[in-house]
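K.L.:
here are the coordinates; sequence isn't available:
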């Protein structure tokens, strides 16, 4: 995950952005709701953060039927990887 942190160095992202990148790095192909639950944020905020990270070139999204899946750009992830929401740890508040 060191590569994830170095990407955020050029973005000057805050701790929330780094948490999002870590969650996606560990759970490639997660949807916004899954990432929000793992990061302890509401889904609306997460969608905004993911869009911002996508525009900055940190993450990319792939539409799949009625869902949008997110990946960290440059990670060694197969685009076809599926995630199971039950295996993503939730951040306690």
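P.N.:
That came through, no problem. Being a predicted model, the structure only gives us computed values, none of them experimental.

K.L.:
CA atoms for contacts and neighbours, from now on please.
P.N.:
Will do.

K.L.:
Show me the shaky parts of the chain.
P.N.:
1-13, 76-93 (pLDDT under 70).

K.L.:
Which residue ranges of it form helices?
P.N.:
Assigned by DSSP state H, the chain shows helices spanning 2-11, 15-26, 32-39, 43-55.

K.L.:
any idea of the angle the shortest one forms with helix 15-26?
P.N.:
In this case it means helix 32-39. Helix 32-39 and helix 15-26 are oriented at 120 degrees to each other (axes from the mean of the first three to the mean of the last three CA atoms, to 10 degrees).

K.L.:
Repeat that for the longest one.
P.N.:
Regarding helix 43-55 and helix 15-26, their directions subtend 80 degrees when assessed with the same axes, to 10 degrees.

K.L.:
buried sites along helix 43-55?
P.N.:
The neighbour-count check on helix 43-55 (16 or more other CA atoms under 10 Å) flags 43, 46-47, 49-51, 53-54 as buried.

K.L.:
do the third one as well
P.N.:
Of the residues in helix 32-39, those buried under the neighbour-count criterion (16+ other CA under 10 Å) are 32-39.

K.L.:
do stretch 61-77 as well
P.N.:
Buried residues in stretch 61-77, counted by 16+ other CA under 10 Å: 61, 69-73.

K.L.:
Verify the stated contact: residue 68 with residue 61.
P.N.:
Yes. Assessed by CA atoms under 8 Å, residue 68 is found in contact with residue 61 at 6.2 Å.

K.L.:
quick revisit: which of the buried residues of stretch 61-77 lies closest to residue 17?
P.N.:
Checking the buried residues of stretch 61-77 against residue 17 by CA to CA gives residue 72 as the nearest, at 11.6 Å.
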